[in-house]
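Only the shape, not the letters, is given here:
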């Protein structure tokens with residue numbers, strides 16, 4: 001079937017929303033936001049307010065301001081998530097490079113294929129291919145320290161404590177997950193009080209969350225494609241506050257990030273910042289993010305982690 005819908009002006013977009021039952025108390029304000037926020041971007045935020053998706057009729061009392069509040073909350077939530085991911089990502093880079101370089105007494109441990117898993121179909125890993133990918137990353141890097149190391153030394157890649165700083169988070173996750181020895185994976189994971197099997201699963205999930213947040217995509221009311229493997233016994237700081245009934249929404253990720261940021265920077269109160277953000281948006285329904293009904297009574301959110 002050929003797509004034959006014509007583009008609508010901002011006024012036509014607003015009229016369509018009103019015709020479907022949305023209350024618009026300040027049309028000029030609504031037109032301003034429609035002119036700066038794509039209609040289809042906002043559409044993901046008014047979806048929960050639809051009474052009938054086939055006709056796109058809204059539930060009685062639905063207002064443009066309610067939809068906008070969901071969008072603005074999500075924007076602030078993504079910024080808070082990125083703050084936590086940055087802290088964790090920087091820490092993980094440091095721990096990965098430190099462990100491998102000292103464990104194998106080799107500043108270029110990443111070039112030693114024996115440290116990593118052999119090529120396999122599931123999950124797909126090939127050390128040579130990943131080294132080649134790092135060559136591309138180094139070649140494209142404009143970092144002064146990378147240019148210096150490339151021109152001064154004869155090794156094919158910079159040392160591990162330099163290369164880790166220009167890896168993408170996805171690359172770092174793969175290079176960690178494909179360490180051949182579980183003892184190496186555990187040595188790094190237990191920095192954060194995790195067992196490596198759960199840590200590998202979380203890192204894979206977090207690369208997806210990071211991509212969504214970095215590209216300004218919605219995390220509120222989103223079901224993620226991968227339900228990561230929730231830990232059963234530790235970290236003790238978070239284990240009793242996870243929601244095991246809903247593994248595809250953002251809540252468990254937020255709870256884990258609160259735990260990790262406290263491990264990395266004790267007393268940072270990221271958990272309180274998140275709780276305060278939710279409180280500042282009175283119309284936000286936390287169930288759309290997978291929060292349990294009693295989340296404020298759980299240990300993680302009642303005070304310090």
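Okay, I see it. Computed from a predicted model, the values in this text were never measured in an experiment.

use CA for all of it now, contacts and neighbours both
Will do.

Would you mind giving both backbone torsions of residue 57?
phi -70, psi 140 (degrees, to the nearest 10).

Tell me the spatial nearest neighbour of it, not counting adjacent residues.
The shortest distance from residue 57 to any residue that is not its chain neighbour, by CA to CA, 6 or more residues apart in numbering, is 4.8 Å, and that residue is residue 20.

From what I see, that neighbour and residue 56 are in contact.
Yes: taking CA atoms under 8 Å as the contact criterion, residue 20 and residue 56 are neighbours in contact, 6.6 Å apart.

In the protein, where is pLDDT below threshold?
Filtered on pLDDT under 70, the chain yields the residue ranges 121-123, 140-156, 303-305.

As a check, name the ranges of all strands in it.
Taking DSSP state E, the strands of the chain run over residues 50-52, 57-58.

To residue 268, which of those strands lies closest?
When those are ranked by proximity to residue 268, the top entry is strand 50-52, at 38.8 Å, counting by CA to CA.

Now for residue 72, how many residues are close by?
Counted with other CA atoms under 10 Å, the neighbours of residue 72 add up to 11.

Next: residue 95.
Close neighbours of residue 95, defined as other CA under 10 Å, add up to 17.

check contacts around it.
With CA atoms under 8 Å, 6 or more residues apart in numbering as the criterion, the residues that contact residue 95 are residue 188.

before we move on, what about the one 3 residues further on?
Remark: with contacts taken as CA under 8 Å, 6+ apart, residue 98 is in contact with residue 161.

separation between it and residue 258?
In this view, residue 98 and residue 258 are 24 Å apart by CA to CA, to the nearest Å.

What ranges does the stretch 201-305 of the chain have for its helices?
For the stretch 201-305 of the chain, the helices identified by DSSP state H, counting those that start in this stretch occupy 236-239, 251-264, 270-280, in order along the chain.

Distance check, residue 282 against residue 295.
Using CA to CA, one gets 16 Å for the distance from residue 282 to residue 295.

can you check residue 163 too?
The value you get for residue 163 to residue 295, if CA to CA is used, is 40 Å.

what do you get for residue 41?
Computed with CA to CA, the distance linking residue 41 and residue 295 is 29 Å.

Which of the two has more residues huddled nearby?
The neighbour comparison of residue 41 against residue 295 (other CA under 10 Å) goes to residue 295, with 17 against 13.

Am I right that the more buried one is in contact with residue 286?
No: here residue 295 does not reach residue 286: they are 9.3 Å apart, not a contact under CA under 8 Å.

circling back: out of the strands of the chain, deepest packed?
By mean neighbour count, with neighbours taken as mean count of other CA atoms under 10 Å, strand 57-58 ranks first of the strands of the chain at a mean of 20.

Can you list the strands that that one pairs with?
When pairing is defined by DSSP bridges, strand 57-58 lines up against strand 50-52 (antiparallel).

hmm, who's touching the partner strand?
Residues from elsewhere that reach strand 50-52 (CA under 8 Å, 6+ apart): 56-59.

swap in stretch 254-273?
The set of residues that contact stretch 254-273 without belonging to it, under CA under 8 Å, 6+ apart, is 81, 84-85, 87-88, 91, 192, 237-238, 241-242, 300-301, 303-305.

That one: which residues count as buried?
254-264, 269-272 (16 or more other CA atoms under 10 Å).

end to end, how far does it reach?
Across its full length, stretch 254-273 reaches 11 Å end to end, with CA to CA as the criterion.

Quick one: distance of that stretch to the chain centre.
On the basis of CA atoms, centre = their mean, to the nearest Å, stretch 254-273 sits 15 Å off its chain's mean C-alpha point.

do the same with stretch 277-297
Between the mean C-alpha position of stretch 277-297 and that of its chain there is a distance of 19 Å (CA atoms, centre = their mean).

Check stretch 42-56 too.
Going by CA atoms, centre = their mean, where stretch 42-56 is centred and where its chain is centred differ by 25 Å.

quick one: buried residues of it?
Using 16+ other CA under 10 Å as the test for burial, stretch 42-56 gives 42, 44-47, 49-50, 56.

for stretch 104-120, same thing?
107-111, 115-117.

and if you look at stretch 207-218?
Neighbour counts using 16+ other CA under 10 Å place 207-210, 213, 217-218 of stretch 207-218 among the buried residues.

neighbouring contacts of stretch 61-73?
So stretch 61-73 is contacted by 21-25, 30, 42, 45-46, 49, 220, 277-278, 281, 283-284 (CA under 8 Å, 6+ apart).

And those, which of them are buried?
21-24, 30, 42, 45-46, 49, 220, 278, 284.

I appreciate the help and will end here.
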